[in-house]
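*Asks:* sharing a sequence plus its predicted fold:
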Amino acid sequence: MLIFSHRLAYFDQRYHAAFKSTWLIILVALLLIINPALAQEPILEKPSDIRIIVDISGSMKKNDPKNLRMPAVDMLSKLLPDGSKAGIWTFGQFVNMLVKHREVDQSWKQDASAKSSGISSVGQYTNIGEALEKTAYDKTYSSIDQYQTHVILMTDGMVDIDRDPKVNERERSRIINEILPSYQKAGFIIHTISLSDKADKKLMDKLALATGGQSVVAETADELMEIFLQIFNRAVPQEELPFEGNSFLTDSSIEEFTALIFREPTSPETTLFAPDKSAYTKDIVSEDVSWYRTDKYDLITLKQPLEGEWQVLADLQPNSRITVVSDLSLSVKSIPSNLMVNDIVDFSLVFREGNEVVDRAEFLELLDINLTIEPIALAAGSKEKWSKKLSNGLVPGNGVYKTLLDNFTEVGEYDVIVDVDGKTFQRRSVQRVNVRTPFKIETQTINTGDATQFNIEVIPQSASVNFANTEVVAKIKPPTDSSLIKPFELNDNQVWALSIKPEAEGIYSVTIRVTTKDSNGDTNDIIPETLTFSFPVVDNIFEEQKNVVEDIVETPVIEDAPKVEEVKPEEPKELEANADEEAAVEPQPPEKNDSNMMQWILYGVIGLVNLIILGGIFFLYRKFVNPKEAKPENSEDDVIEKEQVATSAMDELPMDEMVIDELDAFENDIDLAEEDSVEKAVSASDALADLAPEILDDDLSDDLIDDAESDEFKTALIDEEPEFSLDDYAPDQLDKDETKKK
């Protein structure tokens, strides 16, 4: 009996368990039959929790000189919808909460707008790790499940908490291996904005890709506003109305719209014209209208707008948009921010009234739904759009429109756009996605003295990479016939690295193979394009100098701020490298100046010689073309005139003893001047050319001789029959004249 009772109890338990399971299955099936949309509808989005982290280190003076962080943060704070949560932090060496993290309302927006004006560039260091820790202070609390938390990190630098590079490297590894996993576990999404090409782009990409966020580089500070808005659209998805030129259409279900109007620089002041032709400007005062104007945009919120077509009088820029709060809303399933090449996306959308999915056929039949995938910036440069009409065919019985997207075949950025025309209303949804390869390869060539090293890094770009089940190897083919296989090593930064030290001269080719293994044990090989390196490396003098300088550079201190400390080591290192490059080039200007000085000396001597010759000719012309009354040959006046001429000649043409000795060959009696005037003129030219033998070359001397031997010169001397030759002014002859006088 006892055994029978136990068996009866056993079968009774089994019966009740089976009965409960059966009824549970039946209940779920009945619910699905009654409302099949519950099985397939897109998940309701949680309200957003936005946490903004702003770098205020001193280097921001250079990378954001106009402090555009301030208006960008101010714009975001005004766009946040009521009911969301938000907070703003600033960091340099220390981390401070600028605006308290709490639920967004009008009071929070006013506080954020006022305090955003305090954003500056006076911090020391770049303490990214502590900023991430303090911003995620509640990551272990259960209340975070009520929101989808997005952290927007904006910085221009690298991890910099100490002058010692080893301390900074340890902190960087701590961010990757400790802080980042805690973000992943909490489900926090990190979006990064790099405000400089000196920022640690690898770390920024790592933080964003591992958490499903966006990593964007602002090439200039002026792009910051657009990038903030792009990330805001991802963090706080909102329903939009499409612009048709400068007009948009509102319907009776819209409770409120917010118009963000970016103006062209030459645009007139923005004016809104309602369907009844009434005008709204920034000066209007109304409880239903909120108008905020800056030098770049207008932000206008209008409650209970009239139904119909609205007109905007302004020169609109492309980022302008109209967002709405409506009982009738378009709900689009969120697409991941980052996709891999050839990923297939399960895409779906529904319309809701409140939180109810609209599945009425008479309503859905009126919808015209267009899906467009528009390339924004592709590596291959393609700009071809892809579009599909989702409303073709029978309407879905559960109200869920579904399709597969397999168009992401190239690396780059895409906008996925949904436009809905419901005859009496319009809606739009825009999502930007970044398509990447699973692994990115970066190379670097380092020259230090006589040593050369090729560094290769394989960087994972997918959050789903299993490091334990991934192997990376390289086949290296040097200039010789032999090849070798070398494995990559996974470092603390979760990057596979390999260094090659070439020995033989020639071309090195490197073929990389990445082998991954999934949970089922199936393997997949990825083989990127073969890399090539040339050894020895040419034209790398500046890179060599930079590498040498990095070992000895000291960190400078930023001036003009009471508590500003040094800029990140990388920035002064590059400045120091540039200084060395300038020092290497600096000796060149003196050489150029020496060359110019020699040229000017040469030109001066040539000019002096020409002036002397012309002076002599002019003197002879004045002497003999306009002859004075004849005088006795050795009269007192003649002697005085000769003394004056000799004195003048000596003043104009000083000569040293060496030149005087060289002119001894021209000693002749003054009475032979008429017979040998031409030959002596030529000899005088040779003597003058010898005044600067180190400077005047043979060609210049020949030119002077040619001038002296020209027919016109000979004719002038012979026709005038001068009483004196140019030898009269030779120093030796002057010495003889002085002797005769005495």
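*Replies:* That came through fine. Numbering: from 1, shown residues only.

*Asks:* gap between residue 232 and residue 344?
*Replies:* Note on residue 232: its distance to residue 344, by CB to CB, to the nearest Å, is 28 Å. No exception for glycine: its C-beta is placed from N, CA and C like everyone else's.

*Asks:* the two: which is more packed in?
*Replies:* residue 232 (21 against 11; other CB atoms under 10 Å).

*Asks:* who touches that one in this structure?
*Replies:* With contact taken as CB atoms under 8 Å, 6 or more residues apart in numbering, residue 232 is in contact with 50, 76, 79.

*Asks:* give me that answer again for 7 Å
*Replies:* Residue 232 makes contact with 76, 79, according to CB atoms under 7 Å, 6 or more residues apart in numbering.

*Asks:* now do the SS call for it.
*Replies:* helix (DSSP: H, G, I helix; E, B strand; the rest coil).

*Asks:* what's the spacing between it and residue 332?
*Replies:* From residue 232 to residue 332 the distance is 17 Å (CB to CB).

*Asks:* now residue 54
*Replies:* With CB to CB as the criterion, residue 54 and residue 332 are 30 Å apart.

*Asks:* next, count neighbours for residue 480.
*Replies:* The number of residues packed near residue 480 is 9, by other CB under 10 Å.

*Asks:* that one against residue 503, yeah?
*Replies:* No: contact criterion CB atoms under 7 Å: residue 480 and residue 503 do not qualify, at 9.5 Å.

*Asks:* phi, psi of residue 226?
*Replies:* As for residue 226, its main-chain torsions (degrees, to the nearest 10) stand at phi -60, psi -40.

*Asks:* contacts for stretch 467-481?
*Replies:* 458, 483-488, 490, 494, 496, 498, 500, 504-517.

*Asks:* buried ones from those residues, can you make that a PyMOL selection?
*Replies:* To isolate the buried ones among the contacts of stretch 467-481 in PyMOL, judged by 16 or more other CB atoms under 10 Å, type:
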select buried, resi 458+488+490+494+496+498+500+508+510+511+512+514+516
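
*Asks:* inside strands: which ones of the contacts of stretch 467-481?
*Replies:* Counted as lying in strands by DSSP state E, out of those, are 458, 484-487, 490, 496, 498, 500, 506-517.

*Asks:* give the contact list for residue 364.
*Replies:* By CB under 7 Å, 6+ apart, the neighbours of residue 364 are 395, 399.

*Asks:* distance check, it against residue 349.
*Replies:* From residue 364 to residue 349 the distance is 12 Å (CB to CB).

*Asks:* so residue 229 touches residue 319, yeah?
*Replies:* Yes: counting by CB under 7 Å, residue 319 is a contact partner of residue 229 at 6.1 Å.

*Asks:* of the two, who's got more company?
*Replies:* Neighbour count, other CB under 10 Å: between residue 229 and residue 319, residue 229 has more, with 18 against 13.

*Asks:* next, that one: secondary structure please.
*Replies:* Following three-state DSSP, the label given to residue 229 is helix.

*Asks:* dump the residue contacts of it.
*Replies:* residue 319.

*Asks:* mind running it again at 10 Å?
*Replies:* Contacts for residue 229 (CB atoms under 10 Å, 6 or more residues apart in numbering) come out as 72, 75, 76, 79, 260, 262, 297, 319, 321.

*Asks:* correct me if wrong: residue 411 contacts residue 343.
*Replies:* No: the pair residue 411 / residue 343 is not scored as a contact, 11.9 Å apart, by CB atoms under 10 Å.

*Asks:* and the closest residue to residue 432 other than its chain neighbours, what element?
*Replies:* Leaving aside its sequence neighbours, residue 432 sits nearest to residue 415 (CB to CB, 6 or more residues apart in numbering; 5.4 Å). Here residue 415, judged by DSSP states H and E, is contained in strand 412-421.

*Asks:* run me through the strand neighbours of that strand, direction for each.
*Replies:* Using DSSP bridges, the strands paired with strand 412-421 in its sheet are strand 368-378 (antiparallel), strand 426-436 (antiparallel).
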